[in-house]
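K.L.:
no sequence on hand, only this structure:
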């Protein structure tokens, strides 16, 4: 089964975890905090899934225009229900750059799913007029991650080097999650990742408890990385 078919088949099952899952909530928070470092009027979310990050970003920045692209038709169908005001379409950013240009481009829990990530970053640089914000994983990859479509965890500085090679200057490289998320929660996440059924009320409650516990880690250390790149002037690329 190819990548698109996998995501088309499973996004309806994964939507609840994306909304209520403690790590998904923390990563959205971290990305929005990174976006607050600069101004923008247009934001493109790459791998937007069912549009949960876009919905939260639109609530925080109501004067901005929002766009989303995903390889999965199912994801786009769900996103149109969650954030009808956004412009959304299905496409593969590895194959060609998105149409138009955007002040801010985000990839939230997406880069680790893209086999040809360097090509994707190069294409996104052509559509970026300001900043790119990426939240992904660094360090040892757990076996269960392959079941949710991960193809890598980045090595130290690997993502920064790839963005530099695609035409970006790095303005932020931040770690998060130690020790509650990494290694404790990550090592215990195999069963959670395997259970993609809609979340019961109890699971949602426990997810919110876990969200607050995960927030007790040491700042600046951990396997979650937030990287912000600023597009170089075109003459320098």
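P.N.:
Now that the structure is in, tell me what you want to look at. This structure is a prediction, so every number in the text was calculated from the model and none was measured.

K.L.:
helices and strands around whichever helix or strand residue 56 is part of, which ones?
P.N.:
In this structure, residue 56 sits in helix 52-60 according to DSSP states H and E. Taking 3 or more C-beta pairs under 8 Å, 6 or more residues apart in numbering; DSSP states H and E as contact, the helices and strands that helix 52-60 lies on are helix 3-20, helix 22-35, strand 42-46, strand 65-70, helix 73-82, strand 102-108. For every residue, glycine as well, the C-beta is placed using N, CA and C.

K.L.:
which residues sit against the shortest one?
P.N.:
Looking back up the chat, that one is strand 42-46. Residues from elsewhere that reach strand 42-46 (C-beta atoms under 8 Å, 6 or more residues apart in numbering): 35, 51, 53-54, 57, 61, 64-70, 93, 98, 100-108, 110, 120, 124, 127.

K.L.:
can you select the buried ones from those residues in ChimeraX?
P.N.:
Here is the ChimeraX selection string for the buried members of those, based on 16 or more other C-beta atoms under 10 Å:
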select :35,51,53,54,57,61,64,65,66,67,68,69,70,93,98,102,103,104,105,106,107,108,110,120,124,127
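
K.L.:
which stretch among the helices and strands packed on helix 52-60 comes nearest residue 182?
P.N.:
The minimum distance between residue 182 and these falls on helix 22-35, with 10.4 Å, by C-beta to C-beta.

K.L.:
now that closest one against helix 52-60, angle please.
P.N.:
Here the directions of helix 22-35 and helix 52-60 differ by 50 degrees (axes from the mean of the first three to the mean of the last three C-alpha atoms, to 10 degrees).

K.L.:
how far does helix 22-35 sit from the chain's center?
P.N.:
With C-alpha atoms, centre = their mean, to the nearest Å as the basis, helix 22-35 stands 9 Å off its chain's centre.

K.L.:
ditto for stretch 45-52
P.N.:
8 Å.
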